[in-house]
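*Asks:* 3D, please:
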Amino acid sequence: MPSPRVHPQSQGTEVSSVSSAKEVPSDLERKKEQCWPPTRQCLWITCMAFLVLGVLAAVIGLGITFGIPGKPASWPYRQCKTASQHPGFLCEDLETCLPPSLLCNGKLDCSHGEDESAAFCGQMPSSLPQNLIFKCPNQETWTYVDKVCDTRNDCGDCSDESEASELHSRVGTSQ
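*Replies:* Residues are numbered from 1 along each chain as shown. Okay, here's the model as predicted:
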């Protein structure tokens, strides 16, 4: 018959696995109690961060959807008068003054190409400086002010060929 084996018992110098197993859950429970529920300050900061991110996302989304409105900020400095005394478009070189009809015509007339930029040519005619265009009375068509009174009926009702339209295009030069 086999003899029973006897294992030596420790005298308390070692930590038993039973006692440490009981301590670990109590430590976890204590930590959990300290972290949950979150404090009001923590909730407030989290909510504000999400609010700021939401507003930022909305602004970016609207900017992408509708584009950035307005004309270039430097527009007042880009006005000039052409040889025919009509308002013109001043290129970045600050020397070249283009007649309005050369804007957005698919050809780079300014040395830096600003006359074909998306800022001016993006949503014509609303993206163009208003003193460079003549709006026809039907509000559906328009022409450049240098094309008013050029013997071509651009509006379809000859309103761009009358004396009143010439006066309107001259008023644009004083603006």
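
*Asks:* immediately after the helix or strand residue 41 falls within, which helix or strand?
*Replies:* Per DSSP states H and E: residue 41 is located in helix 40-66. Scanning forward in sequence from helix 40-66 by DSSP H and E, the next helix or strand is strand 79-81.

*Asks:* so what does that following strand touch, helix or strand wise?
*Replies:* strand 87-90 (3 or more Cβ pairs under 8 Å, 6 or more residues apart in numbering; DSSP states H and E). For every residue, glycine as well, the C-beta is placed using N, CA and C.

*Asks:* any stretches of the protein with poor pLDDT?
*Replies:* Along the chain, the parts satisfying pLDDT under 70 run over 1-35, 67-77, 163-175.

*Asks:* quick one, strands of it?
*Replies:* 79-81, 87-90, 97-98, 133-135, 142-144 (DSSP state E).

*Asks:* and the ones you listed as a markdown table, adding mean neighbour count and distance to residue 105?
*Replies:* Compiled in a markdown table, these are given as follows (neighbours: other Cβ atoms under 10 Å; distance: least, Cβ to Cβ, whole Å):
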| stretch | mean neighbour count | distance to residue 105 |
| --- | --- | --- |
| strand 79-81 | 15 | 18 |
| strand 87-90 | 24 | 12 |
| strand 97-98 | 18 | 10 |
| strand 133-135 | 21 | 14 |
| strand 142-144 | 22 | 10 |
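
*Asks:* now for residue 133: which residues touch it?
*Replies:* Applying Cβ atoms under 8 Å, 6 or more residues apart in numbering to residue 133 gives the contacts 100, 125, 142, 143, 144, 145.

*Asks:* swap in 6 Å and give it another go.
*Replies:* 125, 142 (Cβ atoms under 6 Å, 6 or more residues apart in numbering).

*Asks:* quick one: residue 153 from residue 37, how far?
*Replies:* Distance, residue 153 to residue 37, by Cβ to Cβ, to the nearest Å: 76 Å.

*Asks:* then residue 99?
*Replies:* The separation that residue 99 has from residue 37, given Cβ to Cβ, amounts to 71 Å.
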